[in-house]
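Colleague: 3D model of this:
(chains A, B, C and D)
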Number of protein chains: 2
Amino acid sequence: MNPCKEPSKEAVNMAEDDEGLLLDNQVCFALYSAANAIVRAYRPLLIELDLTYLQYLVMMVLWQSNGINVKTLGEKLHLDSGTLTPLLKRLEGKKLVQRRVSQRDERVKELFLTEQGMAVKQKALSIPDAMFCKMNLPAEELMMLKGLCEKVTKTLA
Amino acid sequence: MNPCKEPSKEAVNMAEDDEGLLLDNQVCFALYSAANAIVRAYRPLLIELDLTYLQYLVMMVLWQSNGINVKTLGEKLHLDSGTLTPLLKRLEGKKLVQRRVSQRDERVKELFLTEQGMAVKQKALSIPDAMFCKMNLPAEELMMLKGLCEKVTKTLA
DNA sequence: AACAATTATATTGCACACAATAAAATTGCA
DNA sequence: TGCAATTTTATTGTGTGCAATATAATTGTT
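Modeller: As a prediction, this is how the structure comes out:
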């Protein structure tokens, strides 16, 4: 990471006396709070699929790349096995996913969609639109938001 | 909420066939992932204060508005008592906060900083700068990110 | 005044997020 | 070849986030 320059007085997280400790000046809190709001907003949309938001994300990854292993899944989602293993167990319990020991390395678990898991994709096709409606932001702003969030994630990785 | 118009083909969350189900097209995932990254990034900074990120947020609110009740705290943080009550109990256990029954309404708990809770603020003064350094984004982008996140939270509320 | 409706907080149960640790498997090195 | 080092996933423990529910207190209505 680049050496960190003296923050300018106009920076939103600056510490001028204790202004940096005001909740309303916290970009991090805004982001954190928005993320919670998003997970909440997905909930009613995902009831029909019987998936939580994170399960939905996992399914999306598998629809795109069936057969990947837990490590790769974790890398794509920036999550570790403490989170993924129980979740995958639950998806397996729902008969949407199968975890198989890899033939070339017995430590590795490969994740495969079941027929049922593949079929759920049809029901999921309407979710992105529905969520787009809920957010009610212009596409340009959404793309900007996406880009900035990706920067944050990459920088803090 | 406004009636939702037909999403344009350029929308990032559009469902053109199954493009809407690609992880990389998900602004919501970008936001969710960035929020996780932020909480992770705060962790080492908050060790010295012996606070988690959410506890730090609560303390910030109380440093700003000592004596508020649980409902108001929840409104400011967009969190409910399921989350706050155990957390406040832990802060009380750490002798940073006291929960007192309100005189005018016995259902209401008012939250007061202890001397120790007030003193922690000094140690916290360096956190915003440190986090700003970590994020390594120009202030303009941070402010834009903050504004967009606030829009999301407000819209989805 | 009596009681229904609402409110504030707490509790219960479940899913997630992650640090620390464990166990087994694989890789790297002498 | 043997063993140390590393890797992959799972487990353990703790804290968070929220829906559903509970309990007590307060407000609203008749």
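
Colleague: which helix or strand contains the residue of chain A found nearest DNA strand D?
Modeller: Distances between chain A and DNA strand D by C-beta to the nearest atom of the strand are smallest at A:Lys71, namely 2.9 Å. In short, each C-beta sits where N, CA and C put it, glycine included. A:Lys71 is part of helix A:70-77 when elements are defined by DSSP states H and E.

Colleague: so is that helix next to chain B?
Modeller: Yes: contact of helix A:70-77 with chain B (C-beta under 8 Å from any C-beta of the partner chain) involves A:Lys76, A:Leu77.

Colleague: is that helix anywhere near DNA strand C?
Modeller: No: Helix A:70-77 stays clear of DNA strand C (C-beta under 7 Å from any atom of the strand), getting no nearer than 7.5 Å.

Colleague: tell me which residues in that helix are buried?
Modeller: A:Val70, A:Leu73, A:Gly74, A:Lys76, A:Leu77 (16 or more other C-beta atoms under 10 Å in any protein chain shown).

Colleague: can you give me the strands for chain A?
Modeller: Counting by DSSP state E, chain A has these strands, from start to end: A:97-101, A:109-113.

Colleague: now the residue of chain A closest to DNA strand D, nearest residue through space, not along the chain?
Modeller: Spatial nearest neighbour of A:Lys71, excluding adjacent residues (C-beta to C-beta, 6 or more residues apart in numbering or on different chains): A:Val108 at 7.6 Å.

Colleague: and that neighbour, how many neighbours does it have?
Modeller: Neighbour count of A:Val108, defined by other C-beta atoms under 10 Å in any protein chain shown: 14.

Colleague: now do the one 3 residues further on
Modeller: Here the count is done by other C-beta under 10 Å, and A:Leu111 has 24 residues near it.

Colleague: ok, it touching A:Asn69?
Modeller: Yes: contact criterion C-beta atoms under 8 Å: A:Leu111 and A:Asn69 qualify, at 6.9 Å.

Colleague: is there any residue in the lowest-mean-pLDDT helix or strand in chain A that contacts chain B?
Modeller: When each helix and strand of chain A is scored by mean pLDDT, DSSP states H and E, helix A:127-135 comes last, with a mean of 91. Yes: part of helix A:127-135 sits near chain B under the criterion C-beta under 8 Å from any C-beta, namely A:Ile127, A:Pro128, A:Asp129, A:Met131, A:Phe132, A:Cys133, A:Lys134, A:Met135.
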